[in-house]
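*Asks:* Structure here, sequence nowhere to be found:
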């Protein structure tokens with residue numbers, strides 16, 4: 001791929017700042033990424049502009065800032081997994097098959113979980129196009145392949161960085177800031193985490209794009225509050241479940257086991273290392289060519305009946321694969337995981353209420369509170385049904401405005417506002433009963 005050195009935007013503007021980057025999204029929606037060739041010990045900057053083929057640059061200038069590719073010991077050593085080239089990205093179906101085949105070769109997992117992991121690896125390449133992104137975990141005792149699984153994931157997920165739970169808080173936050181990508185955590189067990197643990201705070205906040213943890217940094221005039229971003233894919237190896245049900249609900253998990261077939265003891269053999277590198281480059285090329293077109297504002301079939309959190313973490317997997325429905329293997333995995341359970345009353349009521357309001361808004365209607373309650377009750381069991389007064393209190397929580405009429409309180413529905421609320425909770429349109 002040819003370089004266009006000197007042709008990037010604002011190249012003649014005086015440079016007022018120089019920034020070393022591993023990954024950056026610029027104000028003009030240009031994507032900057034590092035590529036490191038270990039054979040030549042050379043780092044290059046890949047520029048992906050909207051609607052254009054990606055190309056190499058030694059630097060990229062915009063609005064007086066000169067962006068250069070970052071090169072440090074962590075990138076050179078491979079502790080931060082970095083692509084080495086841009087290749088012709090295969091068809092997404094082929095890419096998923098290649099990923100699943102490599103996973104099968106290296107780790108002994110259930111067949112349906114192999115499909116889940118392959119989709120997670122692909123979706124991690126464009127995780128920053130979603131508002132929510134869940135976690136992946138393999139749990140079990142020692143000697144069951146957890147560390148090998150974690151090592152593989154750190155090499156094929158987007159810019160994987162493998163850290164142990166013993167890493168200091170400063171290392172955790174600086175890693176998240178310097179190397180935005182996939183955080184791989186070994187032996188991340190809850191009994192090693194206090195309630196105030198920084199790692200626990202990162203896990204609790206880092207599933208949503210706005211996730212951050214505030215810390216005081218040493219400034220010129222004393223300590224100042226500073227927000228550290230925590231949003232990224234996270235792959236975890238642990239021995240047991242977390243006691244925090246909210247955190248547990250964001251994780252796609254399987255128990256590890258002693259290998260029942262021959263798998264490699266190490267991923268460092270020359271042939272296997274080359275296969276992993278080739279796949280990492282192909283996945284990276286998928287990112288470059290799809291980052292600008294991926295959107296989480298897409299309806300995915302097959303999510304009906306799932307609890308809210310499971311819907312949130314599965315939706316990116318389908319969208320990244322270019323599908324409008326979940327593969328059958330993932331549905332089987334979810335059933336086995338027990339995520340097809342009936343939602344809790346409050347969650348179920350919120351889902352059905354939002355879907356009902358959305359349907360009214362799409363039709364341009366503004367119903368009475370009593371009419372909304374009546375419609376919602378059609379989809380609830382008798383013991384779950386709500387009164388008009390209860391529905392009014394619930395609409396207050398959702399910030400749905402109402403006005404008084406001679407027939408009762410009527411909803412004031414702004415279609416864009418309703419769509420924004422529905423999108424926030426990632427609910428799909430009302431299904432026929």
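*Replies:* Received it, and whenever you're ready, just let me know what you need. What you are looking at is a predicted structure, and each value in this text was computed from that prediction instead of being measured.
*Asks:* Please, where are all the strands along the stretch 301-433 of the chain?
*Replies:* Along the stretch 301-433 of the chain, counting by DSSP state E, counting those that start in this stretch, strands occupy 402-405, 408-411.
*Asks:* So for residue 347, which of those strands sits nearest?
*Replies:* Residue 347 lies closest to strand 408-411 among the strands of the stretch 301-433 of the chain, at 21.5 Å (CB to CB). C-beta coordinates here come from the backbone N, C-alpha and C atoms, glycine included.
*Asks:* that older thread, could the strands of the stretch 301-433 of the chain go into CSV alongside mean pLDDT and mean neighbour count?
*Replies:* Shown next, in CSV, are those (pLDDT from 0 to 100; neighbours: other CB atoms under 10 Å):
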stretch, mean pLDDT, mean neighbour count
strand 402-405, 89, 11
strand 408-411, 92, 17
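*Asks:* Same list (these) but as CSV, adding distance to residue 223.
*Replies:* As requested, these are exported to CSV (distance: least, CB to CB, whole Å):
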stretch, distance to residue 223
strand 402-405, 46
strand 408-411, 48
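*Asks:* so where's this protein uncertain?
*Replies:* Along the chain, segments meeting pLDDT under 70 span 1-13, 164-167, 189-196, 218-222, 338-346, 423-433.
*Asks:* show me the biggest helix of it in terms of residues.
*Replies:* Ranked by residue count under DSSP state H, the longest helix found in the chain is helix 270-290.
*Asks:* between the strands of the stretch 301-433 of the chain, which gets nearest to residue 327?
*Replies:* Among the strands of the stretch 301-433 of the chain, the nearest to residue 327 by CB to CB is strand 408-411 (38.2 Å).
*Asks:* hmm, back to that, who wins for proximity to residue 369 among the strands of the stretch 301-433 of the chain?
*Replies:* When these are compared (using CB to CB), the closest one is strand 408-411, at 4.8 Å.
*Asks:* what comes into contact with the closest one?
*Replies:* 357, 360, 366-370, 372, 388, 392, 395, 400-404 (CB atoms under 8 Å, 6 or more residues apart in numbering).
*Asks:* now swap in stretch 375-384 and tell me
*Replies:* Contacts for stretch 375-384 (CB under 8 Å, 6+ apart): 345, 348, 349, 352, 353, 356, 367, 385, 386, 391, 433.
*Asks:* packing partners for the longest helix of the chain?
*Replies:* The helices and strands touching helix 270-290, judged by 3 or more CB pairs under 8 Å, 6 or more residues apart in numbering; DSSP states H and E, are strand 31-37, strand 42-48, helix 92-106, helix 111-124, helix 146-156.
*Asks:* How many neighbouring residues does the closest residue to residue 64 other than its chain neighbours have?
*Replies:* Excluding its sequence neighbours, the residue lying closest to residue 64 (CB to CB, 6 or more residues apart in numbering) is residue 16, at 4.3 Å. Neighbour count of residue 16, defined by other CB atoms under 10 Å: 9.
*Asks:* From what I see, residue 16 and residue 65 are in contact.
*Replies:* Yes - using CB atoms under 8 Å, residue 16 makes contact with residue 65 at a distance of 7.1 Å.
*Asks:* re earlier: closest to residue 328 out of the helices and strands packed on helix 270-290?
*Replies:* Closest among the helices and strands packed on helix 270-290, using CB to CB: helix 111-124, at 8.6 Å.
*Asks:* Tell me the buried residues in that closest one?
*Replies:* Within helix 111-124, the residues scored as buried using 16 or more other CB atoms under 10 Å are 112-124.
*Asks:* Check which strands are paired with the following helix or strand past it and give the direction for each one.
*Replies:* Sequence-wise, the next helix or strand downstream of helix 111-124 (DSSP states H and E) is strand 135-139. Neighbouring strands of strand 135-139 in its sheet, by DSSP bridges, are strand 234-238 (parallel), strand 251-255 (parallel).
*Asks:* Out of those, flag the one nearest residue 276.
*Replies:* Within these, the stretch nearest residue 276 is strand 234-238; the backing value is 15.2 Å (CB to CB).
*Asks:* okay if I get the buried residues of helix 111-124 as a markdown table plus distance to residue 249?
*Replies:* Formatted as a markdown table, the buried residues of helix 111-124 follow (distance: CB to CB, whole Å):
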| residue | distance to residue 249 |
| --- | --- |
| 112 | 19 |
| 113 | 18 |
| 114 | 22 |
| 115 | 21 |
| 116 | 16 |
| 117 | 19 |
| 118 | 22 |
| 119 | 19 |
| 120 | 16 |
| 121 | 21 |
| 122 | 22 |
| 123 | 18 |
| 124 | 19 |
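*Asks:* Residue 307: which of these is nearest?
*Replies:* Distance to residue 307, by CB to CB, is smallest for residue 116 among those, at 16.6 Å.
*Asks:* Surely the closest one and residue 331 touch.
*Replies:* No - the criterion here is CB under 8 Å, and residue 116 misses it with residue 331 at 10.4 Å.
*Asks:* So the residue lying closest to residue 399 once chain neighbours are set aside versus residue 151, what's the distance?
*Replies:* Nearest residue to residue 399, sequence neighbours excluded (CB to CB, 6+ apart): residue 421, at 7.7 Å. Using CB to CB, to the nearest Å, residue 421 is found at 41 Å from residue 151.
*Asks:* Those two: which has the busier surroundings?
*Replies:* residue 151 (20 against 17).
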